[in-house]
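Asker: Here is my input, please return the structure:
(2 chains)
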There are 2 protein chains.
Amino acid sequence: MLTKLTGDFEVMWQQVWWLLFGLETNSKLNKQPPCSAPKTQVEFEYDGPSMKTEVPGPRSKELAKQLGEMQNVGAINFFCNYEESRGNYLVDVDGNRMLDVYTQISSIPIGYSHPSLMKVLSNPNNMSAFVNRPALGILPPENFPEKLAESLLSVSPSGMSRAQTMACGSCSNENAFKSMFIWYRNKERGHNNPSEEDIRSCMINQSPGCPNLSILSFMGGFHGRTMGCLATTHSKAIHKLDVPSFDWPIAPFPKLKYPLEEFTRENAQEEARCLEEVEDLIVQWRQKGRPVAGIIIEPIQAEGGDNHASPDFFRKLRNIAHKHGCAFHVDEVQTGCGATGKFWAHEHWGMEDPADIVSFSKKMLTGGFYHKDEFQPYRIFNTWMGDPSKNLLLAEVLNVIRRENLLEEVSRSGKALLQGLYQLQAQYPNLLSSARGVGTFCAVDIRDEATRNSILIKARDKGVLLGGCGDRSIRFRPALVFKEYHVHIFLNVFNDVLAEYN
Amino acid sequence: MLTKLTGDFEVMWQQVWWLLFGLETNSKLNKQPPCSAPKTQVEFEYDGPSMKTEVPGPRSKELAKQLGEMQNVGAINFFCNYEESRGNYLVDVDGNRMLDVYTQISSIPIGYSHPSLMKVLSNPNNMSAFVNRPALGILPPENFPEKLAESLLSVSPSGMSRAQTMACGSCSNENAFKSMFIWYRNKERGHNNPSEEDIRSCMINQSPGCPNLSILSFMGGFHGRTMGCLATTHSKAIHKLDVPSFDWPIAPFPKLKYPLEEFTRENAQEEARCLEEVEDLIVQWRQKGRPVAGIIIEPIQAEGGDNHASPDFFRKLRNIAHKHGCAFHVDEVQTGCGATGKFWAHEHWGMEDPADIVSFSKKMLTGGFYHKDEFQPYRIFNTWMGDPSKNLLLAEVLNVIRRENLLEEVSRSGKALLQGLYQLQAQYPNLLSSARGVGTFCAVDIRDEATRNSILIKARDKGVLLGGCGDRSIRFRPALVFKEYHVHIFLNVFNDVLAEYN
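Answerer: Residues are numbered from 1 along each chain as shown, chains lettered A, B, ... in the order given. Next up, the predicted model:
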């Protein structure tokens, strides 16, 4: 695989790069690419990782010290040179170049410095969108309907033709919750106007105006860290400790055995157990006077450890929501935008009516949520309501996904990645287990947390950036431009790292 | 005043504009401005409002219909041509040009399409910041400490040298609340590690891990519309209705008589009454087992009706917070960034230690909060943690504010504005009352809500864009580049509108 990328590639790459984006003089910025310009990212990328110092290196440490004077730096890994980062390669401030299989916590859709996105920025017609940020809910720009149609609405989930943008994932889920509560109370009121008592009591946080409604969530789920979201997040104590919360029902998420196809009977039993518990909780909370207005779930629990469930589980859960009059909210903040080989992970369930609400953020560049017509969020409002400059970039990301057939590429790379993980798991049975994934949205368990953490660091030292999730899993979250040959670069490094533990 | 802007101004303006930003061919984009380029916005602006159609005009209506197919358009006023909008003038898609005294709900700091911001965008060195959005909390860009120092830290409130960025105002307040809760629990634990029970119980939303703590807020306050923020927002029922909330204490905000200097004795009594109630509530909630971890307040209640309180009130409130061990959170999302003639509205209190937390957003372009050293928010984290491209723009906004002495300009314009409102109030005593303000952050009450709403529309039809707040107030929220001559343009139009009601 690596032969593709050697030889005079680096020289050629540099020529193409400077022609397209030459930064040494301003005058080159607007030059058009030559007709023979390559269409995929191969030619724009580096040919592999290249490590010059330990990570964090001396420059990163110096900057961390500077930043430490101004804010908490407890979670900083290192500082990056984003100008030099390209495609799947993240370059740090000490000149280390890493294959990025974590992509800013799964939030870079088509790699760093993608030529098409750079063009969006260098197009003077787009400048105003970045400089004049509107209050979208009252004074949208002229091209907003067009850009919304081109971007979000062009990838609407089945059954949904409406979308509301928001600034981030947490705000998206918070506002989706509010939409579900309003929808539920409207049903309860028979769509009549709120009462005087509703109006009066809500101003002082009391029911019936602020009703005792709840959202049912799943143990191990992650839906954000603002206070409403946090009441449905149950992945790590560090997220929740010390923050007041709501008494809302929490159902068990199926703990399946992998590979799924080898444990169908046991897994089906486990899923049935969890679904039964969901129904019990809905009934219990209704009896407690805190009815469940909505159910929120991720198609794959990401932060919580890459926990999968079968399409059958989700179909049955959707039916339970219908049966009990609860809204069904699918949180695709991490799973959405192509990483599973379909644009939305819920498409793997094969349903025409998969959800009432689908929220997104991260690789979509803008936060927001799709919703069915009956969730009319007139009362969902804030100053910015998203950011039209992000819609511009998203529209171009979607163009690139289509033009470069990236969903097919993800399926192909994902197969190679999972296959490679299966092989390594067979080779290191005491170290690895439960390799799993859909598309490139893959994970593997490590024997314990300490070993997992040490593997993450050793892999980084060898030029591969990975992330953990759950107690002892490694999650793979490459960009959609992570090709089969990147898989092999990764597997080679990963194999070398694992060999050190045998 | 208007003579400044007539003559060959428009021709000259066009020449300068095209030289700086010429959009007709790409090659002009990077041309440097000539040495004689003007430094203030006067030369870049239009010479007054110009109305061509009713508002919304036919093109706006057509676009609203298109957008209506994709999202709720219940709050849309009209669609804008931001490319043509400059300085204090907002241009709509039907060619109407309005003097903007509302600025996207108070969120445009230095007017539309400011030359200095356009230059930030056209500088190719900045492109990467817009295209490669990092997970700031783990992998910040190289220039992040420098940009943070240049931007946020260069305008730190007294006693605060640390700042955390966030994507929007609601997220800023949500995370500030979490910081206060964590700080409070750390004190309670004697800074020891959390117990096993803390860890276990927090995962299922129960105390002691999710403690029964509260935030004290004020009736009429507005702090955002996500669920934690919403529990402290009490300005309009429409914000709160149908959303579950927390049982947190709500104190009365002083209802003062204006002009403040004429009613010092009555106002002081009213403030004393409210402060007494604050202390009572803190004691009550402690006894109820829901201690007050923090107090949140706006220096001027904005959405709630531009309600002012005296520096003495805030100084005493700050002392009450100290006395009872509550954190003191000043929400400057709307008041911050210069509109009161000082950079932060709380500077008018003349305190060295005004707050533990100061949150911001809107005109600051990025959300976030400053905090004292003891509020170490290691557990404050999300994927994006703000957006470095907004810091780039903010750094330039602050340069412009300094270079153009905009705080002085705001004080000067604010005086003219308030003086004008006093005169109009004397002229139309049955229509206007309680003119009030600091800097250009001014408001006036109208005799009733229906009249207020009709005045807003008539003013818009004459080319002046205003916003309402509270039940029957008009709030003035111009950009910081709103000069004395803009005040006079506004007052002339406002006078014409008011005359129609006599």
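
Asker: Any figure for the gap between the nearest residue to residue A:382 once chain neighbours are set aside and residue B:98?
Answerer: Take residue A:382 and drop its neighbours on the chain: the residue closest to it by C-beta to C-beta, 6 or more residues apart in numbering or on different chains is residue B:225, 5.6 Å away. Glycine gets a C-beta too; all of them are placed from N, C-alpha and C. Using C-beta to C-beta, to the nearest Å, residue B:225 is found at 27 Å from residue B:98.

Asker: more crowded one of the two?
Answerer: In this view residue B:225 and residue B:98 are compared by other C-beta atoms under 10 Å in any protein chain shown, and residue B:98 has more residues nearby, 28 against 22.

Asker: now the residue nearest to residue A:382: how far from residue A:377?
Answerer: According to C-beta to C-beta, residue B:225 and residue A:377 sit 11 Å apart.

Asker: Find the residues that touch each one of those two.
Answerer: A:175, A:178 (C-beta atoms under 8 Å, 6 or more residues apart in numbering or on different chains).

Asker: lowest-pLDDT helix or strand in chain A?
Answerer: One helix or strand of chain A scores below all others by mean pLDDT, DSSP states H and E: helix A:9-21, with a mean of 37.

Asker: need the contact list for the nearest residue to residue A:213 once chain neighbours are set aside.
Answerer: Excluding its sequence neighbours, the residue lying closest to residue A:213 (C-beta to C-beta, 6+ apart) is residue A:293, at 4.3 Å. The contact partners of residue A:293, taken as C-beta under 8 Å, 6+ apart, are A:180-181, A:183-185, A:213-215, A:326-327.

Asker: any idea how far residue A:169 is from residue B:339?
Answerer: From residue A:169 across to residue B:339, the span is 30 Å (C-beta to C-beta).

Asker: Which residues of the stretch 301-450 of chain A lie near chain B?
Answerer: Selection of the stretch 301-450 of chain A residues close to chain B by C-beta under 8 Å from any C-beta of the partner chain yields A:361-362, A:365, A:367, A:376-384, A:389, A:393.

Asker: what do you get if the cut-off is 7 Å, keeping everything else the same?
Answerer: A:362, A:376-379, A:381-384 (C-beta under 7 Å from any C-beta of the partner chain).

Asker: Let's see if you can find the most crowded of those residues.
Answerer: residue A:362 (29 neighbours).

Asker: I'd guessed that residue sits against residue B:383; true?
Answerer: Yes. Using C-beta atoms under 7 Å, residue A:362 is in contact with residue B:383, at 6.2 Å.

Asker: anything in contact with each of these two?
Answerer: Shared contacts of residue A:362 and residue B:383 (C-beta atoms under 7 Å, 6 or more residues apart in numbering or on different chains): A:107, A:169.

Asker: Residue A:343 falls within a strand, correct?
Answerer: No. Going by DSSP: H, G, I helix; E, B strand; the rest coil, the assignment for residue A:343 is coil, not a strand.

Asker: Check the spacing between it and chain B real quick.
Answerer: Remark: distance between residue A:343 and chain B (C-beta to the nearest C-beta, to the nearest Å) = 18 Å.

Asker: Contacts only, for that residue.
Answerer: A:155, A:337, A:407.

Asker: you'd agree the last one is up against residue A:339?
Answerer: No. Counting by C-beta under 7 Å, no contact exists between residue A:407 and residue A:339, whose distance comes to 9.7 Å.
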